[in-house]
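Peer 1: The following comprises the amino acid sequence and a computationally predicted model.
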Amino acid sequence: MKTLQDFNFKDKKALIRVDFNVPLDENFNVTDATRIEAAKPTIDKILAAGGSVILMSHLGRPKGKEDKYSLKHIVKKASEILGVEVKFAEDCKGEVAKNAAAALKAGEVLLLENLRFYKEEEAGDVDFAKELASLGDIYVNDAFGTAHRAHASTTIIAQFFPNDKCFGTLLATEIESLNKVLKDSEKPVTAVLGGSKVSSKITVIENILDKVDHMIIGGGMTFTFVKAQGGKIGDSICEDDKQDLALEILRLAKEKNVQIHIPVDVVAANAFSNDAETQIVDVDKIPDGSQGLDAGPKSLENFKKVILESKTILWNGPLGVFEMENFANGTIELGNFIAEATEKGAFSLVGGGDSVSAVKQFGLEDKMSYVSTGGGAMLEMLEGRTLPGIAAILD
Ligand code: AMP
């Protein structure tokens, strides 16, 4: 796996695919700069080695050139974070980009305009990729968030750098962290899978059954499993057509010696609302008119035991409707258990969309070993798929 260490960047122009797809407010201020901060180590290293940096990214989903999606809005913030004045090219191709790249000196940083102003980017157009490639000497992919897309700047471009391509620090760390869970993990390994639907997590569940000792299943998925086993789930969310699949997962888990832990009690509400009346009930005796929206105290006690005995923990998906204060307790407590286990030496990886926002919202980010930056990309890796952006560098 080639990384920055394998290259001498002195007087070279590094063409880096970063993920600067950051949220902006109505005045175009960056409201969360995590992704820019995440790219800083790679940029710093190349600049310190005497190279210059050309940054490529997308922002939002523009239909053609739309000012509100211009990357010019983030130049100020990026300059602040990187500690250098970031230059901006008002186009990512053509004369504008070429001249700006050619004028770049060692120690300087150039940001290209939004790649998705051209439909060729997402189409994975080879000529477009070739034109981008002509701007730099070494291609560095540091955008985990788009590594599962075979776009021009994330994948296709790599073929124009047969020997001069590598992973940036962020992407390399993402891959290493995942390998610590899926490949060289210290046992016992526990995966916590929450979220709303079995159908969106099924491939992940199937793939990781081979790699874990314990699997905690929570969130809305719980009820498909409970109903499939004959429980009474009231009005809880359920995918009726996935009940056979749930039973099959339980059977497979037994065969593979994986212990499955499902909530035994839940916080049941008389409406899908933070103001609903609630009661704690057994997970298989939920009255009609009630729905389970969070894990109950006995369940959390069970989960705590499993988590604190684990040496490797993967967490994807909330245990309840954490967006509503009254149903956030399970997710917060789970985060606390994982934080405690991590402090005692376990390796913990949080990845995939909602659990990352939960961890951030509840201030647990620094207590996890690693919090992934890529939602969809992380899920696809957990599904056992090879991401095109990663494969293109390894080729
Ligand atoms: P996912 O995108 O599949 O990870 O699902 C995340 C969503 O699942 C969050 O928005 C949660 O509010 C939701 N969720 C978690 N537990 C439940 C539940 N018991 N009933 C309904 N939705 C839930």
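Peer 2: Arrived safely.
Peer 1: Contact residues of this structure facing the ligand?
Peer 2: Contacts of the chain with the ligand, taken as Cβ under 6 Å from any ligand atom, map to 195-197, 200, 219-220, 237, 292-293, 317-318, 320-321, 323, 353-354. The C-beta positions use only the backbone N, C-alpha and C, and glycine is treated the same way.
Peer 1: Of those residues, which is the nearest to Asn270?
Peer 2: Leu293 (10.5 Å; Cβ to Cβ).
Peer 1: the helices in the stretch 201-350 of the chain, which residues?
Peer 2: For the stretch 201-350 of the chain, the helices defined by DSSP state H, counting those that start in this stretch cover 222-228, 243-255, 297-309, 329-343.
Peer 1: Of those helices, flag the one that's most buried.
Peer 2: Burial of those is given as mean neighbour count (mean count of other Cβ atoms under 10 Å); helix 222-228 ranks first at a mean of 24.
Peer 1: I'd like to know the beta-bridge partner residues of the residue lying closest to Val371 once chain neighbours are set aside.
Peer 2: Among residues not flanking Val371 along the chain, Val350 sits closest, at 4.8 Å (Cβ to Cβ, 6 or more residues apart in numbering). Using DSSP bridges, the bridge partners assigned to Val350 are Trp315, Val371.
Peer 1: Is Ile208 in contact with Leu379, as I believe?
Peer 2: No: Ile208 is beyond contact range of Leu379, at 11.3 Å (criterion: Cβ atoms under 8 Å).
Peer 1: ok, now how distant is the closest residue to the ligand within the chain from Asn316?
Peer 2: Proximity of the chain to the ligand (Cβ to the nearest ligand atom) peaks at Gly195, 2.6 Å away. From Gly195 over to Asn316 the distance is 7 Å, taken as Cβ to Cβ, to the nearest Å.
Peer 1: Neighbour count: these two, which is higher?
Peer 2: Asn316 (25 against 21; other Cβ atoms under 10 Å).
Peer 1: quick one: that one and Gly352 touch, right?
Peer 2: Yes: contact criterion Cβ under 8 Å: Asn316 and Gly352 qualify, at 4.2 Å.
Peer 1: so what sits against both of Gly195 and Asn316?
Peer 2: Each of 201, 355 lies in contact with both Gly195 and Asn316 under the rule Cβ atoms under 8 Å, 6 or more residues apart in numbering.
Peer 1: how far does stretch 247-259 sit from the chain's center?
Peer 2: Averaging C-alpha positions (Cα atoms, centre = their mean, to the nearest Å) puts stretch 247-259 27 Å from its chain's average.
Peer 1: Run through who's touching it.
Peer 2: With Cβ under 8 Å, 6+ apart as the test, stretch 247-259 has contacts from 202, 205-206, 209-210, 212-215, 225, 228-229, 260, 306.
Peer 1: cool, and stretch 25-39?
Peer 2: 16, 18-24, 55, 68, 73-74, 77-78, 81-82, 142, 145, 168, 170, 373.
Peer 1: Of those residues, just the buried ones, PyMOL syntax please.
Peer 2: Entered in PyMOL, the line below selects the buried ones among the contacts of stretch 25-39, by 16 or more other Cβ atoms under 10 Å:
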select buried, resi 16+18+19+20+21+22+24+55+73+74+77+78+81+82+142+145+168+170+373
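Peer 1: So which of the contacts of stretch 25-39 are in helices?
Peer 2: Counted as lying in helices by DSSP state H, out of the contacts of stretch 25-39, are 77-78, 81-82, 170.
Peer 1: per-residue confidence at the residue of the chain closest to the ligand?
Peer 2: Gly195 carries a pLDDT value of 89.
Peer 1: so who does it touch?
Peer 2: So Gly195 contacts 201, 219-221, 316-318, 354-355 (Cβ under 8 Å, 6+ apart).
Peer 1: Present those as CSV; the columns should include pLDDT.
Peer 2: Formatted as CSV, those follow (pLDDT from 0 to 100):
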residue, pLDDT
Lys201, 89
Gly219, 96
Gly220, 96
Met221, 95
Asn316, 93
Gly317, 92
Pro318, 94
Asp354, 82
Ser355, 85
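Peer 1: Export these as JSON lines, with columns for distance to Asn8.
Peer 2: Output for the contacts of Gly195, formatted as JSON lines (distance: Cβ to Cβ, whole Å):
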{"residue": "Lys201", "distance to Asn8": "44"}
{"residue": "Gly219", "distance to Asn8": "48"}
{"residue": "Gly220", "distance to Asn8": "51"}
{"residue": "Met221", "distance to Asn8": "50"}
{"residue": "Asn316", "distance to Asn8": "39"}
{"residue": "Gly317", "distance to Asn8": "43"}
{"residue": "Pro318", "distance to Asn8": "45"}
{"residue": "Asp354", "distance to Asn8": "42"}
{"residue": "Ser355", "distance to Asn8": "39"}
